[in-house]
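J.: Okay, sequence plus prediction incoming.
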Amino acid sequence: MSSPQSVDKARLPAEPSLPAEPGFEEERELRSENMILNVGPSHPAMHGTIKMVLELSGETIVRSDVHVGYLHRGFEKECEAGSYFKCFPYVDRLNYLSPMINNVAYAGVVEKALGVEVTERCQWIRVLISEISRLSDHLTCIGASAMELGAMSAFLYFIKAREYVWELHEALSGARLTVSYCRIGGLSRDLPEGFEAQCRAALVKVREVLVEGQKLLAKNRIYFDRMRGVGVMQADEAISYGFTGPMLRASGINYDVRKANPYLVYDQIDFDVPLGEHGDNYDRFYVRMLEMEQSVRIIEQCLDRMPEGPVNLYDPRFMLPPKDEVYNTIEGLVNHFKLVMHGIQIPKGEVYFAVEGGNGELGFYLVSDGTGKPYKLRCRPPSFIMMGGMSRMLEGHTMADVVPTFGMINMIGGECDR
């Protein structure tokens, strides 16, 4: 039996090195980089036009670049191409969730340029239809935002209430969405027969849904955790970004156009302005819920106190004459022809008129050159202003917080289009 031979260890392959134990050797640095992610415009929650370019560190948003996109309508230029009468169908399609408010705002700026004031009954009806539209706007905002967080039942409840509101739109104007109900100097028609009873019955049903919706969402642990402390905007920041409406009031700033610069008969109506404390998404939700209660309260006061009388001024300078006069008198025919062919002759100058829209201050800036068409018609759309603060509200939050924050802005593409 031969004796064992000695082994030359230098010729053997090196043994594989094991990873160093923490604390014994310096760990290697892991290389990482942020991810760029495009959200929208085809994302279901981005409303078809919005695109957000997000820079993510893991799930945390480091930076965002928000693009509001285009609907390619050129609404302001279209208004400048036609007579003052023809602008109403265009303004219907701004914030199409509260079209009556758009009508009131546009009619108000033209009447301010003319230096006229509509009848008292017309003023009460305009307040009534504005608050009906505010209900429609807030119901859609909260319902759709809840659905995007998975609360499908809450969405169906709020949309059920919106149906009651849109039935009132239909009774007033014959349309549910694009109403074109206002006219320069008045309204297209008075309240229809039986409208008061229909409206009071609808308010009872809406109140029931508001109670049900609050039970579903306000103390829901998932909904509360997804909304509280997210998208915070402090009061000074909200002011610097030009926020108005529920977004500003959720940050604790008591500014409401209906109170600060009363128009129509809002100074004769008793209502409160709900305020938030934290400026987060949950406060925005709750402010809208409370505002709907106040809108119901305002509508009931309008129904109780609305005076009798005409709803139109019937001024031949800007109001089309009744059809029987057009068909049977030469004066009515000439008046109708002049207004349709040459438009309203508004004195040269510029005016601004604002109302409290569903999302905040909705204003129109009108420049007249003395012809029958607006020389310039500029809209101040509230949700377009709020989109400017979107990046600030997303910084430091996670990808999952994008949808509820965007939902509480309630961006409407129609009024954001430029």
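T.: Cool, the structure landed.

J.: Please count neighbours and contacts with C-alpha atoms only from this point.
T.: OK.

J.: low-confidence ranges in the chain?
T.: 1-29 (pLDDT under 70).

J.: Tell me which stretches of it form strands.
T.: Applying DSSP state E to the chain gives strands spanning 35-39, 51-57, 60-67, 182-183, 186-187, 349-356, 361-368, 376-380.

J.: Contacts for the third one, please.
T.: In this case it means strand 60-67. Strand 60-67 is contacted from outside by 50-56, 387, 390-391, 394-399, using CA atoms under 8 Å, 6 or more residues apart in numbering.

J.: most packed of the strands of the chain?
T.: strand 186-187 (a mean of 26; mean count of other CA atoms under 10 Å).

J.: thinking again about what came up before, and of the strands of the chain, who's closest to residue 159?
T.: Checking the strands of the chain against residue 159 by CA to CA gives strand 349-356 as the closest, at 22.8 Å.

J.: Run the angle between that closest one and strand 376-380 for me.
T.: Interaxial angle of strand 349-356 relative to strand 376-380 (axes from the mean of the first three to the mean of the last three CA atoms, to 10 degrees): 20 degrees.

J.: Strand 349-356 pairs with which strands?
T.: strand 361-368 (antiparallel) (DSSP bridges).

J.: from the middle of its chain, how far away would the partner strand be?
T.: 17 Å (CA atoms, centre = their mean, to the nearest Å).

J.: Can you dump the C-alpha atoms of it in PDB for me?
T.: What follows is strand 361-368 as a C-alpha-only set of coordinates in PDB (Å, rounded to 0.1, in the frame of the first residue of the first chain):
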ATOM      1  CA  GLU A 361     -64.900  81.200  -8.100                       C
ATOM      2  CA  LEU A 362     -66.200  81.100 -11.700                       C
ATOM      3  CA  GLY A 363     -65.700  84.400 -13.400                       C
ATOM      4  CA  PHE A 364     -66.000  85.900 -16.900                       C
ATOM      5  CA  TYR A 365     -64.000  88.800 -18.100                       C
ATOM      6  CA  LEU A 366     -65.700  90.500 -21.100                       C
ATOM      7  CA  VAL A 367     -64.300  93.200 -23.400                       C
ATOM      8  CA  SER A 368     -66.700  94.900 -25.700                       C
END
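
J.: Could you list the residues in contact with that strand?
T.: With CA under 8 Å, 6+ apart as the criterion, strand 361-368 contacts 102, 105-106, 109-110, 113, 244-245, 257, 346-356, 374-382.

J.: Likewise for stretch 145-161?
T.: 45, 139-140, 142-144, 205-206, 209-210, 212-213, 216-217, 223, 403-404, 407-408.

J.: The stretch 301-418 of the chain: helices as residue ranges?
T.: Applying DSSP state H, counting those that start in this stretch to the stretch 301-418 of the chain gives helices spanning 323-328, 330-342, 382-387, 390-394, 402-409, 413-416.

J.: Assess the claim that residue 113 and residue 345 are in contact.
T.: No. Assessed by CA atoms under 8 Å, residue 113 is found out of contact with residue 345, at 10.4 Å.

J.: OK, contacts around the nearest residue to residue 162 once chain neighbours are set aside?
T.: Excluding its sequence neighbours, the residue lying closest to residue 162 (CA to CA, 6 or more residues apart in numbering) is residue 136, at 5.5 Å. Residues near residue 136 by CA under 8 Å, 6+ apart: 97, 98, 162, 165, 166.

J.: which among the residues you listed end up buried?
T.: Burial by neighbour count, judged by 16 or more other CA atoms under 10 Å, picks out 97, 98, 162, 165, 166 from those.

J.: quick one: the last one from residue 174, how far?
T.: When you say that, I think you mean residue 166. Here the criterion is CA to CA, to the nearest Å. By it, residue 166 lies 10 Å from residue 174.

J.: ok, now the third one?
T.: Noted for residue 162: a distance of 16 Å to residue 174, by CA to CA.

J.: for residue 416, what are its contacts?
T.: 68, 94, 381, 383, 384 are the contacts of residue 416 under CA under 8 Å, 6+ apart.

J.: Now the closest residue to the fourth one other than its chain neighbours. Its backbone dihedrals?
T.: So that's residue 383. Leaving aside its sequence neighbours, residue 383 sits nearest to residue 411 (CA to CA, 6+ apart; 5.1 Å). When quoted as degrees, to the nearest 10, the phi and psi of residue 411 stand at phi -70, psi 130.
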